[in-house]
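Q: sequence and predicted structure are below.
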Amino acid sequence: MTDLQTDVAAAADRAEAHSTAPALLLQLQACLGQLAAAADGSTEGGRRPYRVPTGWADKLGELGFLVYLLADQTGVSVDEAVRRVSAGVNAEADRRAAQHTVDTDSWL
């Protein structure tokens with residue numbers, strides 16, 4: 001478990017903010033909805049260029065906090081899980097790049 005995940009779990013313990021996994025999923029969904037609403041409002045429904053709205057960093061932080069709480073509640077190491085996903089994305093990008101490599105010998 002990373003220092004951040006440990007810090008989040010300790011803060012939740014102090015605040016008595018632990019919830020069940022289903023409750024945390026609902027909280028995550030509500031937080032994501034608030035982020036979407038902020039983005040929609042800042043672009044006037046997509047009619048204006050996107051600018052980071054006021055409070056964006058705090059809302060992203062809240063979303064991340066909830067992800068770490070859910071991970072703690074379900075016994076997942078966020079760090080390890082994200083690294084696995086990142087490795088998979090890199091492997092897929094490498095595979096696609098290899099497919100797009102041009103064989104210059106065939107031009108001769």
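A: Great, that's in hand.
Q: quick one: the nearest residue to residue 50 once chain neighbours are set aside from residue 51, how far?
A: Once flanking residues are discounted, residue 50 sits nearest to residue 43: 5.3 Å by CB to CB, 6 or more residues apart in numbering. All C-beta spots, glycine's among them, are computed from the backbone N, C-alpha and C. Going from residue 43 to residue 51 by CB to CB, to the nearest Å gives 8 Å.
Q: look at these two and report which has more neighbours.
A: Set residue 43 next to residue 51 and count neighbours by other CB atoms under 10 Å: residue 43 wins out with 14 against 10.
Q: could I get the pLDDT score of the more buried one?
A: For residue 43, the model assigns a pLDDT of 90.
Q: next, give phi and psi for it.
A: phi -100, psi 10 (degrees, to the nearest 10).
Q: who are the contact partners of it?
A: Going by CB atoms under 8 Å, 6 or more residues apart in numbering, residue 43 touches 49, 50, 51.
Q: need these in JSON lines with pLDDT and secondary structure, can you?
A: What follows is the contacts of residue 43, written out as JSON lines (pLDDT from 0 to 100; DSSP: H, G, I helix; E, B strand; the rest coil):
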{"residue": "49", "pLDDT": "92", "secondary structure": "coil"}
{"residue": "50", "pLDDT": "88", "secondary structure": "coil"}
{"residue": "51", "pLDDT": "88", "secondary structure": "coil"}
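Q: which of those lies closest to residue 21?
A: Nearest to residue 21 among the contacts of residue 43, counting by CB to CB, is residue 50 at 32.5 Å.
Q: how much space between the closest one and residue 90?
A: 27 Å.
Q: again with residue 13
A: Counting by CB to CB, the gap from residue 13 to residue 90 is 35 Å.
Q: what are the ranges of the helices in the chain?
A: Here the chain has its helices, by DSSP state H, at 3-15, 21-42, 56-74, 78-99.
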